[in-house]
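In: My questions concern the predicted model and sequence given below.
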Amino acid sequence: MTSALHALTAEPWAIRPDYLHFMASLASLDRAGRADRRAAEGEDWFRLDLQAAAGPTAQRLDGARYAMLTREGVAVIPIVGPIFPRANMMTEMSGTGASTAMLARDLALARDSADVGAIMLLVDSPGGSPTGINALADQLYALRGVKRVVAHVSGSAASAAYWIASSAGELVTDKTGMLGSIGVVAALSKQVEPDATGSLSIEIVSSNAPNKRPDPQSEDGAGQVRALLDGIEAQFIADVARGRKTTPARVRSDFGAGGMKVGADAVAAGMADRVRTQDATLKDLSRTAANERAVRATRR
């Protein structure tokens, strides 16, 4: 296991487990080479993707990191790639992933902007760190009755990404959209043989902190790790149940049990409201935004 993967798996993740290996490969990229390639391209991939999604006349929302504003007044905010608490090398250098802090800021800007009549979250993410996700879910939930927010799943809304999307006022998906992966995972390593250099790492924990380094191969150690994960999962399930107007018991029984559901199956389970194309969602929200602008004009 690489040092990058060691670092990534040192804490719980609300993500598809296989995606940790992909992120480790990104973390191992040469920073200078990556930066040079981006400079040659001239634009980061978020802007290019959103320009196509929001339309040729859309512009960056004033002060926003990710959000684009359409001519009709729809703020399009991407939740694309792995999610991290803050901007880091992966979000800034590789152009892959989103920052929870930046998403929260963009959402607040869209909420407060008089130019924004509706908000579309464009979701295609395997999930990420659970840090800050509960607060972002609360922020989204508080927008109900303030501005119309629709989360549109164009690819996947897995784990932390579904945690966020489920708190939007409406959740719609493409026919092939994949939703779910509700749960939390931790991948702990334990060195049992010398490495390639002949070294064997040994950790000694202070006398009164045995739980700092639980042995994942022992029943007690695995139980300690699972208790931590279960605590995070309980909040995850509670937020999903609130957002989807159901009970935690139904989330546990009907929302995939850690697996994913596709399109119409996700709607039938109550995980989403309807199947619809991304273009249809944007046109619907454009009508909402136009109506909001008309209402504001009459109040002047």
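Out: That came through, no problem. Remember, it's a predicted structure, so these values are computed and weren't measured experimentally.

In: Pull the number of nearby residues for residue 114.
Out: Neighbours of residue 114 under the rule other Cβ atoms under 10 Å: 9. To be clear about C-beta, it is placed using only N, CA and C from the backbone, and glycine gets the same treatment.

In: Test my guess that it contacts residue 296.
Out: Yes: Residue 114 is within contact range of residue 296, at 6.9 Å (criterion: Cβ atoms under 8 Å).

In: which residues of the stretch 51-200 of the chain fall in strands?
Out: 59-60, 68-69, 74-80, 83-84, 98-99, 118-125, 127-128, 148-158, 170-173, 178-180 (DSSP state E, counting those that start in this stretch).

In: I'd like to know which of those is closest to residue 263.
Out: strand 170-173 (5.8 Å; Cβ to Cβ).

In: Verify the contact between residue 162 and residue 182 for me.
Out: Yes: using Cβ under 8 Å, residue 162 makes contact with residue 182 at a distance of 6.6 Å.

In: Those two: which is more packed in?
Out: residue 162 (32 against 26).

In: Show the contacting residues for that one.
Out: If you count contacts by Cβ atoms under 8 Å, 6 or more residues apart in numbering, residue 162 has them with 127, 179-182, 240, 271.

In: any idea how far residue 111 is from it?
Out: 22 Å (Cβ to Cβ, to the nearest Å).

In: Give me the neighbour count for residue 226.
Out: Residues near residue 226, counting by other Cβ under 10 Å, number 15.

In: can you pull the pLDDT of it?
Out: Predicted confidence (pLDDT) for residue 226: 80.

In: Repeat that for residue 194.
Out: 73.

In: Apart from its neighbours in sequence, what residue is nearest it?
Out: Closest residue in space to residue 194, ignoring its immediate chain neighbours: residue 200 at 4.6 Å, by Cβ to Cβ, 6 or more residues apart in numbering.

In: the helices in the chain, which residues?
Out: 3-8, 19-27, 31-41, 45-54, 89-92, 100-112, 133-142, 160-165, 219-243, 248-254, 263-269, 278-299 (DSSP state H).

In: OK, contacts around residue 243?
Out: Per Cβ under 8 Å, 6+ apart, neighbours of residue 243: 137, 140-141, 166-168, 171.

In: Buried among those? Make that a PyMOL selection.
Out: Restricted to buried positions by 16 or more other Cβ atoms under 10 Å, the PyMOL selection for those reads:
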select buried, resi 137+140+141+166+167+168+171
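
In: Next, format the contacts of residue 243 as a markdown table and append pLDDT.
Out: Conversion of those to a markdown table gives the following (pLDDT from 0 to 100):
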| residue | pLDDT |
| --- | --- |
| 137 | 97 |
| 140 | 97 |
| 141 | 97 |
| 166 | 97 |
| 167 | 97 |
| 168 | 97 |
| 171 | 98 |
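
In: Same list, the contacts of residue 243, but as TSV with distance to residue 147 please.
Out: Putting the contacts of residue 243 into TSV (distance: Cβ to Cβ, whole Å) gives the following:
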residue	distance to residue 147
137	16
140	11
141	13
166	18
167	14
168	11
171	16
